[in-house]
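Q: Next comes the sequence, and after it the predicted model I'd like to discuss.
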Amino acid sequence: MVSYQCSPLSTPDGIVGTFRQCAKLQENQDLNKFVSVVVLDEVGLAEDSPRMPLKVFTAALLLDHHVVSKYDFCCFMKSLWNRLQPKIKSFEDNWSMFW
């Protein structure tokens, strides 16, 4: 997991760089057993940036000049959630040990 702290000073290059860092972590990994995750902390603060860093996600949803359908995106997100949910549940179950 790689975290990016968003702020009104966030830049598109900063966000893209964080995703590239995660991509490098996934190189030579079994993607059925390993997933690298970007956490955009306080993402709402990036909306105040005059450089509009969140626009990089518009480009990420374009493949060969065809927009990924909302259905495909929803299927992807559901699949991701199904993979991560057991890990999140495990973390929630053990959260009390941190407090």
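A: Great, that's in hand. Here the structure is a predicted model, which means the values were calculated and not measured.
Q: And the contacts of stretch 14-23?
A: Here stretch 14-23 makes contact (Cβ atoms under 8 Å, 6 or more residues apart in numbering) with 2, 4, 36-38, 40, 46, 53-54, 56. Glycine gets a C-beta too; all of them are placed from N, C-alpha and C.
Q: Which ones among the residues you listed lie within strands?
A: Counting by DSSP state E, the part of the contacts of stretch 14-23 found in strands is 2, 4, 38, 40.
Q: Among the contacts of stretch 14-23, name the buried ones.
A: Taking 16 or more other Cβ atoms under 10 Å as the criterion, what is buried in these is 4, 36, 40, 46, 53-54.
Q: Please render the residues you listed as TSV that adds pLDDT and distance to residue 85 to the earlier fields.
A: Shown next, in TSV, are the buried ones among the contacts of stretch 14-23 (pLDDT from 0 to 100; distance: Cβ to Cβ, whole Å):
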residue	pLDDT	distance to residue 85
4	93	23
36	82	17
40	89	19
46	91	26
53	90	28
54	86	25
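Q: Tell me if residue 31 really is in a strand.
A: No. Residue 31 is assigned coil when assessed by DSSP: H, G, I helix; E, B strand; the rest coil, not a strand.
Q: check contacts around it.
A: Residue 31 sits next to no residue when contact means Cβ under 8 Å, 6+ apart.
Q: Kindly list the single helix or strand of the chain that scores lowest on mean pLDDT.
A: Lowest on mean pLDDT, DSSP states H and E among the helices and strands of the chain sits strand 66-67, with a mean of 50.
Q: and residue 82, what element?
A: Here residue 82 sits within helix 70-93, counting by DSSP states H and E.
Q: quick one: low-confidence parts of this structure?
A: 59-77, 80, 84, 87-99 (pLDDT under 70).
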